[in-house]
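*Asks:* When you get a sec, could you give me coordinates for this:
(chains A, B, C and D)
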Number of protein chains: 2
Amino acid sequence: MDRRRTEKNEEASAQGRPTLKTLAFMTGLGVTTVSRALKDAPEIGAETRRRVQLVAKQIGYRPNRAGVRLRTGRTNVISLVLNTDREIMSFVSDIIYGVSEVLAETPYHLIVTPYSRSQDPMEPIRYLVETGSADGVIISRTQPNDPRARYMLEHGMPFATHGRTDMGLVHPYHDFDNHAFASAAVRRLASMGRRRLALLSPPPGLTYYSHTLNGFADALSEVGASEIPFNTVSIDHTIEQIRMRTAQVMRRDVRPDGFVSSAAAATLAIVAGIEDAGLKLGRDVDVVSKQSSDLLHLFRRELLVVNENFRLAGSELARSVLGLIGGAAPGSLQSLVVAGDVQAFSPPVLV
Amino acid sequence: MDRRRTEKNEEASAQGRPTLKTLAFMTGLGVTTVSRALKDAPEIGAETRRRVQLVAKQIGYRPNRAGVRLRTGRTNVISLVLNTDREIMSFVSDIIYGVSEVLAETPYHLIVTPYSRSQDPMEPIRYLVETGSADGVIISRTQPNDPRARYMLEHGMPFATHGRTDMGLVHPYHDFDNHAFASAAVRRLASMGRRRLALLSPPPGLTYYSHTLNGFADALSEVGASEIPFNTVSIDHTIEQIRMRTAQVMRRDVRPDGFVSSAAAATLAIVAGIEDAGLKLGRDVDVVSKQSSDLLHLFRRELLVVNENFRLAGSELARSVLGLIGGAAPGSLQSLVVAGDVQAFSPPVLV
DNA sequence: TTGGCAATCTGTAACGTTTCAGTATATTGA
DNA sequence: TCAATATACTGAAACGTTACAGATTGCCAA
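*Replies:* Numbers count the residues shown, from 1 in each chain, chains lettered A, B, ... in the order given. This next block holds a predicted model:
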């Protein structure tokens, strides 16, 4: 008995990184007691609990993730699933930062799970669920009837979506009110006398495609303006495709005098196309665009912008998944950001 | 004996996800044999090996990461350490995709470890090393005397840096030849008759700051042009700061007639500042800028650009860390991308 | 026939954690 | 005084994997 103690001591003190065994030796307690003391279990004496926690803090004890994961199945990992070639650049960067910001105060790590054009979007989801590689998942490019959301719901994998679904199933989401954005954009253009409007929409299939379309259409009829069809391209197309298509439509007799664009990079292409056709922004045509960082006004000050905050989306999504994992009701973890005002260029204040 | 077998069977078949035990039962072999067979150990019979691997593939066996990690210490994780508020937007997005691309074919996961302005850059590194949370690390914003690189070298943590160090220590890196970029930019501007050049440099402190400065200075003296000091701002400053500072310097009697800019977003600010001062790009001043996606020519076609491929950087860095983990010599895992030509706008080919 | 030796295969222990089923000790009620 | 009970703690087992130290078998030389 004494002998075993001694062996244990040596093992414990020889270790590089402290484990429960180390703490057990230092406090003279059993491993079980230490484990329970660290998580404030009620059957541990108040003083013992304090003592263990003090020592743990002193020597910088951190639970071994592999040990916890093997024993409990909890990974302490949140996975952000991203499309490798269709995702908006600033979206990736900002949402990662937003998620990180929230996870930083928790034991959770962020792993990025990519999938590419060629792959089935379900593949990374199935992988995560089957291998139990994450405690929670965040997905983007959400569809009205999203097989990924359905699958995760069926398999009990906590998740949050960027964008809403429309399947009659309730789950956490964060969304930007694209209906409001498109309406506000149309109203603004109408107020400037623009009457023939074109919409560069999100890719059909995603939920916010119809939100945007509806907002656009609702406001069109409200203000009595008409639509110039522009639905052979979406913001998923390349800069070149959008540019060329814009130039084409602008060379027609009946051409748009206003554009609503759902993404900043696409807006650059639209403007380029407008100018390719020999027309001038602000004179012949106006453009309202969403943007996620304040760059469009540097590009052309005639542009009208509405800001969408992806970093906020990231934090909200992270908070939602954590909440869900923590047992909160999915319905209470949904947020919708109302679109801000359409903003014209305002010159920077010189200091 | 028979009884134990039976118990094992039941356990094995009741399981959701197959483990070595499941495979052992199905093949009638021992767990050890299965484990060894899966990794092509020589002391396993050729037929047994094939049989085990076949069954494993059939039932979709995937090693449990926690088990492996606990036993071996190998995490199968590569960590990308990013600064949350100073990193270039497209850099984050592209490098993540580049890394993912390479890791996708391996058992490795990518975890993003962020740190913010307020934090010591060493903190995430120490965390990773102390907790053994990753098998390899990728860092950016590399400094000539980089404490993170030194620390990881001392502690045997495999890593690769984006950018070189200058400490006489050899480690994997990937870098863009910023000396060549700055020289080429200066030569191009000189060839257009520009004589008073300003440089918007990377932040002082980073290794490629001096590379850029030296390339700029070397070419300046080579072509006999002069420098207009512009070192109160760097690409780490805000758009507004750069814009204002540019406007200031452009309103002076002796003002730059050429700019070299180390980042695309900063170039937008420079151009805005130039125009704030009532001057015209292409007439009064020319600007050569690095960019990582082909957007600057949409912005102003007078801009001259040099492309830097961050996605390539990501893949190269990932390949390097994996190589290092695999035992390759660090010196063989270094790559330097020569800067491409300075490119003027060329109109898109209409299809 | 025997010993030796490859060639294959196997059980046990350990990684660090949590859970289960306890065991001591002190405290209470009668 | 005794049993019952609450309090505070503990060892053993298990999660899935790999490394170590065997064990079994067949074959060949002597």
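
*Asks:* So residue A:99 sits against residue A:109, correct?
*Replies:* No: counting by CB atoms under 8 Å, residue A:99 sits too far from residue A:109 to count as a contact (10.7 Å). C-beta: built from backbone N, CA, C; applies to glycine.

*Asks:* which neighbours do the two share?
*Replies:* Common neighbours of residue A:99 and residue A:109 (criterion: CB atoms under 8 Å, 6 or more residues apart in numbering or on different chains): residue A:78.

*Asks:* the more surrounded of these two?
*Replies:* residue A:99 (27 against 22; other CB atoms under 10 Å in any protein chain shown).

*Asks:* any idea which element that one lies in?
*Replies:* If you go by DSSP states H and E, residue A:99 is part of helix A:89-103.

*Asks:* Next, count neighbours for the residue nearest to residue A:73 when sequence neighbours are not counted.
*Replies:* Using CB to CB, 6 or more residues apart in numbering or on different chains and skipping the chain neighbours, the partner closest in space to residue A:73 is residue A:132 (6.2 Å). Using other CB under 10 Å, residue A:132 is surrounded by 18 other residues.

*Asks:* And residue A:169, by the same measure?
*Replies:* 13.

*Asks:* Once you drop chain neighbours, what's closest to it?
*Replies:* Excluding the flanking residues, the one nearest residue A:169 by CB to CB, 6+ apart is residue A:153, at 5.8 Å.

*Asks:* So that neighbour, which state does it fall into?
*Replies:* Assigned with DSSP: H, G, I helix; E, B strand; the rest coil, residue A:153 falls in the helix class.

*Asks:* Relative to chain B, how far out is it?
*Replies:* 18 Å (CB to the nearest CB, to the nearest Å).

*Asks:* Likewise for residue A:297?
*Replies:* For residue A:297, the distance to chain B - CB to the nearest CB - is 9 Å.

*Asks:* Could I get the contacting residues of that residue?
*Replies:* A:303, A:305, A:345.

*Asks:* I'd guessed residue A:84 sits against residue A:117; true?
*Replies:* Yes: here residue A:84 reaches residue A:117: they are 7.4 Å apart, a contact under CB under 8 Å.

*Asks:* Give me the more crowded residue out of the two.
*Replies:* residue A:84 (20 against 8).

*Asks:* Ramachandran coordinates for the more buried one?
*Replies:* For residue A:84, the backbone dihedrals (degrees, to the nearest 10) come out as phi -70, psi -20.

*Asks:* How many residues are close by residue A:151?
*Replies:* 15.

*Asks:* The residue nearest to residue A:169 touches residue A:171, doesn't it?
*Replies:* Yes: look at residue A:153 against residue A:171 with CB under 8 Å: they come within range, at 6.3 Å.

*Asks:* In terms of neighbours, single out the busier of these two.
*Replies:* Taking other CB under 10 Å, residue A:153 and residue A:171 do not tie; residue A:171 has more neighbours (22 against 18).

*Asks:* Chain neighbours aside, what residue packs nearest to that one?
*Replies:* Leaving aside its sequence neighbours, residue A:171 sits nearest to residue A:330 (CB to CB, 6+ apart; 5.1 Å).

*Asks:* residue contacts, that neighbour?
*Replies:* Contacts of residue A:330 (CB under 8 Å, 6+ apart): A:170, A:171, A:172, A:324.
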